[in-house]
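[1] Following is a predicted model, sequence given first.
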Amino acid sequence: MSSAISFNQVSKTFPPNVHALQSINLEVAEGEFLVVVGPSGCGKSTLLRLVAGLENQTHGSIDIFGKDSGQLAPQERDLGMVFQNYALFPHLSVFDNMAYGLQVRRESAPEIRKKVERIAQKLEILEFLRRKPNQLSGGQRQRVALGRLLARDPKIHLFDEPLGNLDPQFRAGMRSELARLHQERPRTTIYVTHDQAEAMTLGQRICVLRKGEVLQVGTPEEIYDLPSHRFVAEFFGSPGVNCIDGKIDKKEGSPSKFRSGSIQFPLPNHDMPTGSITLGIRPENWTLSAPENGAITGVIERVENLGDHRLIGVLIDDLNIFIKTTRSDFKEKDTVSISPQWEQAHWFERYTGKRI
């Protein structure tokens, strides 16, 4: 598949000395839905604005369909953008908002009406075409902003936290809508969010940003199952990976042990490196049982009933561990044994956070 957008050593610095993006190398394939995710201030929106031509990079280059974006004015990039705040024209009707890009392109009135009505029907806003934006709910306004993009149908779709202002139930519905629309009409899409659920459900690939740097790019499965960095492991999941700092002790003739403070877990694998290390175990990858002799035990501090499972907080010495289980027979203040499912363990370098 050919590349639609290429970031080549792209950096962006804002005065006086704010490094928003640092040496970004990233390829977005034609027709791909790429989600860029990370915490506030990590450079997600800046990356999007560079593609749109709303900002210029400090270093490096961005190619759009093989052309250096520095040689392309924003209107020559054949892209559309949907913002978190909708950015609708308040004085125009829904129809005129959706038709605006087509009118700029000087398409005929019958063709514009046909395109707008077809998209409005898909988005279930056909009955609102004569209304003004202030007569609509937030969810309806977001559909109008999406409809304006889809009616013009540019080659590149850019989304900057488009569902951020919606109620949770609307967000889930709009996620499904966006996924369905992309399946029907695959366009090169960069979708920016800080919401890991949106990233996992929408992205064909996910790019994880932190402090202006790319930590990992991969499919949702790769990001979740093989996080390349401790930050990625802790960011994805609800809650994320339990990360425990400690070290591995090896003694001749006895099994290796992972030690964190006074806690010791015997290790089944003898090939682990010695010294300081971080162990990561997802909440669903612990085995919880009644107290057993010789096992690691802790006290249940909190039980959250989430319907299809329980989220249990276990305190071992001064270490808090979150465990997901479908069992309902554990109560707060119970003493329990816990053990990691070692085949699902993640290991990270203690001081760099990189996956081992």
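    Looks like it arrived, so ask away.

[2] Am I right that Gln341 is in contact with Pro283?
    No. Contact criterion Cβ atoms under 8 Å: Gln341 and Pro283 do not qualify, at 11.3 Å. Every residue, glycine included, has its C-beta placed from N, CA and C.

[3] The two: who's more crowded?
    Set Gln341 next to Pro283 and count neighbours by other Cβ atoms under 10 Å: Pro283 wins out with 20 against 12.

[4] which parts of stretch 332-347 are buried?
    334, 336-338, 340, 345-347 (16 or more other Cβ atoms under 10 Å).

[5] One more: stretch 273-293?
    Here stretch 273-293 shows 277-283, 285-286, 288 as buried, counting by 16+ other Cβ under 10 Å.

[6] Which of those residues sits closest to Gln169?
    Pro283 (24.9 Å; Cβ to Cβ).

[7] ok, and the closest non-adjacent residue to the closest one?
    Lys324 (4.2 Å; Cβ to Cβ, 6 or more residues apart in numbering).

[8] Can you check what pLDDT the model gives that neighbour?
    Predicted confidence (pLDDT) at Lys324: the value is 96.

[9] Let me know whether it touches Leu288 as I believe.
    No. Taking contacts as Cβ under 8 Å, Lys324 lies outside contact range of Leu288: 9.5 Å.

[10] Name the residues contacting each of the two.
    Each of Ile312 lies in contact with both Lys324 and Leu288 under the rule Cβ atoms under 8 Å, 6 or more residues apart in numbering.

[11] Just the buried positions in the helix or strand hosting Met98, please.
    Assessed by DSSP states H and E, Met98 sits inside helix 94-104. Buried residues in helix 94-104, counted by 16+ other Cβ under 10 Å: 94-102.

[12] picking up where we left off before, now, the buried residues of stretch 332-347 that are in strands?
    Judged by DSSP state E, these include 336-338, 340, 346-347 as members of strands.

[13] if we can go back for a sec, check which helices and strands the helix holding Met98 is in contact with.
    helix 109-122, helix 138-152 (3 or more Cβ pairs under 8 Å, 6 or more residues apart in numbering; DSSP states H and E).

[14] Tell me how far the longest helix anywhere in the chain lies from the chain's centre.
    In the chain, assigned by DSSP state H, the helix with the most residues is helix 168-184. How far helix 168-184 lies from its chain's middle: 15 Å, per Cα atoms, centre = their mean, to the nearest Å.

[15] now it against helix 109-122, angle please.
    With axes from the mean of the first three to the mean of the last three Cα atoms, to 10 degrees applied, the angle from helix 168-184 to helix 109-122 works out at 130 degrees.

[16] Show me what whichever helix or strand comes after helix 168-184 is in contact with.
    As assigned by DSSP H and E, the chain's next helix or strand after helix 168-184 is strand 188-193. Defining contact as Cβ under 8 Å, 6+ apart, one finds that strand 188-193 is touched by 4-5, 28-37, 44-45, 47-48, 51, 155-164, 178, 182, 198-199, 202-203.
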